[in-house]
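Enquirer: build me a model:
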Amino acid sequence: MELNEYQRQSRRTAVYQNIGKNPRYAMIGLCEEVGEIAGQLKRVERDDGDVITPERREKLKLEMGDALWYMASLAEELGLTLEDIAQANLAKLADRKARKALHGSGDSR
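Expert: Numbers count the residues shown, from 1 in each chain. Predicted coordinates:
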């Protein structure tokens, strides 16, 4: 599935106030889901002997899907597409790599 097609289809399940004018809801949801991904990875260390079991991988996949849904929703709220975001990110990283600036921190490297 292509990213923009996912974004279009995911919109069918959007149920929240002020759809189309509410990036805050999408951002809060994205943060929450990223926290749930982190929680699953924490459990890998705490409960699974630092091994990602098939069951844990499935839980991670589902949480990552939820994060993707919120990312698609945030993109939609901001008038962006996931494909444009992905292409811009790859171009930014290729530029940093060419300048040997992948290491470090901050957007202006």
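Enquirer: can we go C-alpha only for contacts and neighbour counts from here?
Expert: OK.
Enquirer: show me where the protein has strands.
Expert: Using DSSP state E, the chain contains no strands.
Enquirer: give me the local confidence score for Ile52.
Expert: What the model reports for Ile52 is a pLDDT of 98.
Enquirer: for Arg109, same thing?
Expert: pLDDT, read off for Arg109, is 73.
Enquirer: and the pLDDT for the residue lying closest to it once chain neighbours are set aside?
Expert: Closest residue to Arg109 apart from its sequence neighbours, by Cα to Cα, 6 or more residues apart in numbering: Ala101 at 6.1 Å. Listed pLDDT for Ala101 reads 91.
Enquirer: sketch out the low-pLDDT regions of the chain for me.
Expert: Residues of the chain meeting the criterion pLDDT under 70: none.
Enquirer: do you have the helices of it handy? List them.
Expert: 3-10, 23-47, 54-77, 82-98 (DSSP state H).
Enquirer: Gly106: which of those is closest?
Expert: helix 82-98 (11.6 Å; Cα to Cα).
Enquirer: from Asp48, how far off is Arg57?
Expert: Noted for Arg57: a distance of 11 Å to Asp48, by Cα to Cα, to the nearest Å.
Enquirer: circling back to that earlier point, so how far is Ala94 from the residue nearest to Arg109?
Expert: Distance check for Ala101 against Ala94: by Cα to Cα, it reads 10 Å.
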